[in-house]
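J.: coords below, sequence missing:
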């Protein structure tokens, strides 16, 4: 169980801890060399976060021993963790999932500065921390406190920095309604906000399509992508709703392979995209950052360093300003994995 250093607020509630599952893949002839992956399940959001999860995990374990494939399409977090473990094991268990200049320390990734929900004063303080740290893209979680105060927070930034200096993204997590969505989108557009993620709840494609057609502010789909398992379902979602952007969390959208299907479809339709983490520990974040670096995207990404948790794995990502870089610390990470309660 991962324990938050501070309560993490969203429009779906406030989290103080989060369950996650680590996968270890090895040859029984030499168990000291193993691939490590994180199946970052997200209760309340992951489609497989119910009793089926552990049965599927046992099936996966049995099938690996038998050398037969397992259909994980409806279990995206397991797909995500298993793909990590396979890639790590194939590379000799060095926690190097994807080779690139990023892995060699020659390149870095620009990320957004995420401001978690809280009361007004707390969020202003967090905004100031991101500005002081020289982030050029600030992402605000909105939709849970007083709307006027949320506007005041954005104005706090805009009164000091125009769009050329600071890009502002907002994530409503489905917190708007059709009664208030349009005037709020107009107000955000007037404040030169870059885009909004998931203004209304997922599962209303016709209403979301309508908003995307008339909104003065670019709309990005996030939760709307969850539960779309086939290429046909993914293509239909993009072509029907026509969002400006899609936001990809591999732990929720089918692992690296599933996210790459979304990227291909997005680029075919002229839809923008970026990658976002999903409250992974440092293990999943390392793999996610390494994969993102291979995509050669220039937009700020929604990644982090794992600093949210007090009982995290040793960090292999270094954040300087808004640039994320890699520093290998395999020995410390291996010591950490020895403390986990593994089930063979």
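T.: Received, thanks. Here the structure is a predicted model, which is why all the values come from computation and not from measurement.
J.: what helix or strand does the residue nearest to residue 100 when sequence neighbours are not counted sit in?
T.: Spatial nearest neighbour of residue 100, chain neighbours left out: residue 293 (4.7 Å); criterion: Cβ to Cβ, 6 or more residues apart in numbering. C-beta: built from backbone N, CA, C; applies to glycine. Here residue 293, judged by DSSP states H and E, is contained in helix 282-294.
J.: Now the following helix or strand past that helix: average pLDDT?
T.: As assigned by DSSP H and E, the chain's next helix or strand after helix 282-294 is strand 317-320. On average, the pLDDT along strand 317-320 is 88.
J.: same check, this time on stretch 105-113
T.: 92.
J.: Stretch 290-300 too?
T.: Rounded mean pLDDT across stretch 290-300 is 93.
J.: tell me which residues in that stretch are buried?
T.: 290, 291, 292, 293, 295, 297, 300 (16 or more other Cβ atoms under 10 Å).
J.: Stretch 310-321 spans what distance, first to last residue?
T.: 22 Å (Cα to Cα, to the nearest Å).
J.: of the buried residues of stretch 290-300, closest to residue 170?
T.: residue 300 (14.0 Å; Cβ to Cβ).
J.: ok, now how distant is the spatially closest residue to that closest one that is not a sequence neighbour from residue 29?
T.: Spatial nearest neighbour of residue 300, chain neighbours left out: residue 137 (3.9 Å); criterion: Cβ to Cβ, 6+ apart. Distance, residue 137 to residue 29, by Cβ to Cβ, to the nearest Å: 48 Å.
J.: same deal with residue 126?
T.: 50 Å.
J.: before we move on, the earlier item: tell me the bridge partners for the residue nearest to residue 300.
T.: residue 167 (DSSP bridges).
J.: Quick one, grab the pLDDT at it.
T.: 96.
J.: is it true that residue 208 touches residue 201?
T.: No: using Cβ atoms under 8 Å, residue 208 is not in contact with residue 201, being 9.2 Å away.
J.: Which residue of these two possesses the greater neighbour count?
T.: residue 208 (24 against 17; other Cβ atoms under 10 Å).
J.: Spit out the contact partners of the residue lying closest to that one once chain neighbours are set aside.
T.: Distances taken as Cβ to Cβ, 6+ apart place residue 241 nearest to residue 208, at 5.2 Å, with adjacent residues excluded. Contacts for residue 241 (Cβ atoms under 8 Å, 6 or more residues apart in numbering) come out as 205, 208, 209, 212, 221, 224.
J.: Weed out the non-buried ones from those.
T.: Among the contacts of residue 241, the ones that count as buried (16+ other Cβ under 10 Å) are 208, 212, 221, 224.
J.: Which of those residues fall in helices?
T.: Counting by DSSP state H, those place 208, 212 in helices.
J.: so which pair among the buried ones among the contacts of residue 241 is furthest apart in space?
T.: Farthest apart among the buried ones among the contacts of residue 241 - using Cβ to Cβ - are 212 and 224, which lie 10.5 Å from each other.
J.: Mutual contacts of the two, please.
T.: With Cβ under 8 Å, 6+ apart, residue 212 and residue 224 have common neighbours 241, 243.
J.: ok, the residue nearest to residue 208 to residue 174 distance?
T.: Here residue 241 is placed at a distance of 14 Å from residue 174 (Cβ to Cβ).
J.: now do residue 264
T.: 26 Å.
J.: Name the residue in those two with the higher neighbour count.
T.: More crowded of residue 264 and residue 174, by other Cβ under 10 Å: residue 174, with 20 against 13.
J.: Next up, the contacts around that one.
T.: Contacts of residue 174 (Cβ under 8 Å, 6+ apart): 11, 143, 198, 199, 200, 201, 202, 223.
J.: What is the end-to-end distance of stretch 86-99?
T.: 14 Å.
J.: And stretch 266-284, by the same measure?
T.: 24 Å.
J.: secondary structure element for residue 24?
T.: Judged by DSSP H and E, residue 24 forms part of strand 21-27.
J.: Pull the distance from that strand to the chain's centre.
T.: 22 Å (Cα atoms, centre = their mean, to the nearest Å).
J.: after that strand comes which helix or strand?
T.: Next element after strand 21-27 (DSSP H and E): strand 30-39.
J.: tell me the average confidence for the helix or strand just after that following strand?
T.: Next in sequence after strand 30-39, counting helices and strands by DSSP H and E, comes helix 52-66. If you average the pLDDT over helix 52-66, you get 88.
J.: Now do the contacts for residue 38.
T.: Residue 38 neighbours (Cβ under 8 Å, 6+ apart): 20, 21, 22, 23, 80, 81, 84, 280, 281, 283, 284, 287.
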